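Student: have a look; sequence and predicted model below, questions after that.
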Amino acid sequence: MKIGVLGAGSYGTALAIQAARAGHEVMLWARRAEQASALSRERVNALYLPDAPLPPAVVPSAELGDLGDCPIVLVAVPSHGFRAVIAGFLARLPAGASPVAVSATKGIETETLARMSEVVLEEAVAARRELAFAALGGPSFARELAAGMPTAAVIAAADARLAARLRDVLSGDNLRLYSSTDVVGVELGGTSKNVIAIAAGVVAGLGLGSNTSAVLLTRGLHEITRLVRACGGSPRTLAGLAGMGDLVLTCTGSLSRNRRLGEQLAAGRSLEEISGSTTQVAEGVRNSIAVARLAARHGVEMPITEQMVEVLHRGKSPRQVIEDLMRRELKFEAEL
């Protein structure tokens, strides 16, 4: 099958390599023409994934129209640029084409609080086009996926048959996919865990030990579950790969951008200083605000997320955050 990938960052490149490894022809779209040319010429993404050569089946392009005949299109762009990319893709989609957009983006829009599934629906309606949707989530660092290390993830679509078809098409020898119908749970689990991972980095950077880290992961999962349930998702999803699996990886893995950012904040660096020293996007920064706003809209208490907003955007001391969280009102543990 011909698979399209929108986004030539580290994860988009890894997905393109994985799809080629599974036997598909792949069109990899890069936003900048010069990046697409470099990928074609050098056959490696030197900026984002320098240790992973592109297989011959991966064809880089800067033209959205080149993906118009792909029945499945994986979307791996930052959440703040997702809408514009989808709108551009739809504008260049040939008449009669109705591909499936599989979002690998872990985020929600800050201004509208729309999940990526809602963005796709809105843009498809505006363009008067048909575009089915699925969400990909779970513990999968780009570098390890590209290297062929055994990985498992979840692909969710409202239509169980579509989810199963995508699962079968996109799985490979080193990538085991499970299907789900809980799009809300997969999307919000992947978004919210990035904020908790920044907090995990703060805990590690302050040298607060394993007890504190265990508490953070457990209570972080608790507040993510509250949000997912309030938005119509299933709490059971959070016990699986798209919840606990992704949370553990992002909070503890050495390749986690969000955890690394938290460590740097704990070391006294400002967010501006950290952001200016890397080309990699830590989605948890922008999404801390979006998740906190979504929680407020639904009347959901998310104390760790709220404290990360204070640190990231209002200059609060990371150590003061920990002290304030420990002083919160005592309550029954199973209370949701």
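Tutor: Alright, I've got the coordinates. Numbering: from 1, shown residues only.

Student: tally up the residues packed near residue 323, please.
Tutor: Neighbour count of residue 323, defined by other C-beta atoms under 10 Å: 9. Quick note: C-beta positions are derived from backbone N, CA and C, even for glycine.

Student: what helices and strands are in contact with the helix or strand containing it?
Tutor: Element membership of residue 323 [criterion: DSSP states H and E] is helix 318-326. When contacts are defined as 3 or more C-beta pairs under 8 Å, 6 or more residues apart in numbering; DSSP states H and E, helix 318-326 packs onto helix 183-205, helix 257-266, helix 303-314.

Student: go through these and name the closest to residue 88.
Tutor: The minimum distance between residue 88 and these falls on helix 183-205, with 21.6 Å, by C-beta to C-beta.

Student: out of the helices and strands packed on helix 318-326, which one sits most buried?
Tutor: helix 183-205 (a mean of 29; mean count of other C-beta atoms under 10 Å).

Student: how far does it sit from its chain's centre?
Tutor: 10 Å (C-alpha atoms, centre = their mean, to the nearest Å).

Student: angle of it against helix 318-326?
Tutor: For helix 183-205 against helix 318-326, the angle by axes from the mean of the first three to the mean of the last three C-alpha atoms, to 10 degrees is 120 degrees.

Student: got the CA positions of helix 183-205 in CSV?
Tutor: In CSV, the C-alpha atoms belonging to helix 183-205 read as follows (Å, rounded to 0.1, in the frame of the first residue of the first chain):
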residue,chain,number,x,y,z
VAL,A,183,-10.4,7.9,20.4
VAL,A,184,-11.0,10.4,23.3
GLY,A,185,-9.0,8.3,25.7
VAL,A,186,-6.1,7.7,23.4
GLU,A,187,-5.9,11.4,22.4
LEU,A,188,-6.2,12.9,25.9
GLY,A,189,-3.9,10.2,27.4
GLY,A,190,-1.2,11.1,24.9
THR,A,191,-1.6,14.8,25.4
SER,A,192,-1.8,15.0,29.2
LYS,A,193,1.1,12.7,30.0
ASN,A,194,3.5,15.2,28.5
VAL,A,195,2.6,17.7,31.2
ILE,A,196,3.1,15.1,33.9
ALA,A,197,6.5,14.2,32.3
ILE,A,198,7.7,17.7,32.8
ALA,A,199,6.8,17.4,36.5
ALA,A,200,8.7,14.1,36.6
GLY,A,201,11.7,15.9,35.2
VAL,A,202,11.4,18.5,37.9
VAL,A,203,11.2,15.8,40.6
ALA,A,204,14.4,14.1,39.2
GLY,A,205,16.2,17.5,38.8
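
Student: quick one: that helix to helix 257-266, angle?
Tutor: 30 degrees.

Student: what residues sit buried inside the helix or strand just after helix 183-205?
Tutor: Moving toward the C-terminus from helix 183-205, the next helix or strand (DSSP H and E) is helix 209-230. Neighbour-count burial for helix 209-230 flags 212-213, 216-217, 219-230 (criterion: 16 or more other C-beta atoms under 10 Å).

Student: residue 52 is nearest to which of the helices and strands packed on helix 318-326?
Tutor: Comparing those by C-beta to C-beta, helix 257-266 comes nearest, at 17.1 Å.

Student: show the average pLDDT along the next helix or strand after the closest one.
Tutor: The helix or strand immediately downstream of helix 257-266 is helix 271-275, counting by DSSP H and E. On average, the pLDDT along helix 271-275 is 88.

Student: so which elements touch the following helix or strand past helix 271-275?
Tutor: Downstream of helix 271-275, the next assigned helix or strand under DSSP H and E is helix 283-297. Judged by 3+ C-beta pairs under 8 Å, 6+ apart, the packing partners of helix 283-297 are helix 79-91, helix 183-205, helix 209-230, helix 257-266, helix 303-314.

Student: need the helices and strands packed on helix 318-326 in TSV (columns: mean pLDDT and distance to residue 164).
Tutor: Below are the helices and strands packed on helix 318-326 laid out as TSV (pLDDT from 0 to 100; distance: least, C-beta to C-beta, whole Å):
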stretch	mean pLDDT	distance to residue 164
helix 183-205	97	14
helix 257-266	95	31
helix 303-314	96	33
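
Student: okay, these in a markdown table with distance to residue 156 next?
Tutor: Shown next, in a markdown table, are the helices and strands packed on helix 318-326 (distance: least, C-beta to C-beta, whole Å):
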| stretch | distance to residue 156 |
| --- | --- |
| helix 183-205 | 4 |
| helix 257-266 | 22 |
| helix 303-314 | 22 |
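
Student: so, low pLDDT: which residues of this structure?
Tutor: 279-281, 335-336 (pLDDT under 70).

Student: how's it carved up into domains?
Tutor: When the chain is parsed with automatic domain parsing, its domains come out as 2-181, 191-326.

Student: sec struct for the residue positioned nearest the centre of the chain, please.
Tutor: The centroid of the chain falls nearest to residue 106 when counting by C-alpha atoms, centre = their mean (2.3 Å). Three-state assignment for residue 106 (DSSP: H, G, I helix; E, B strand; the rest coil): coil.
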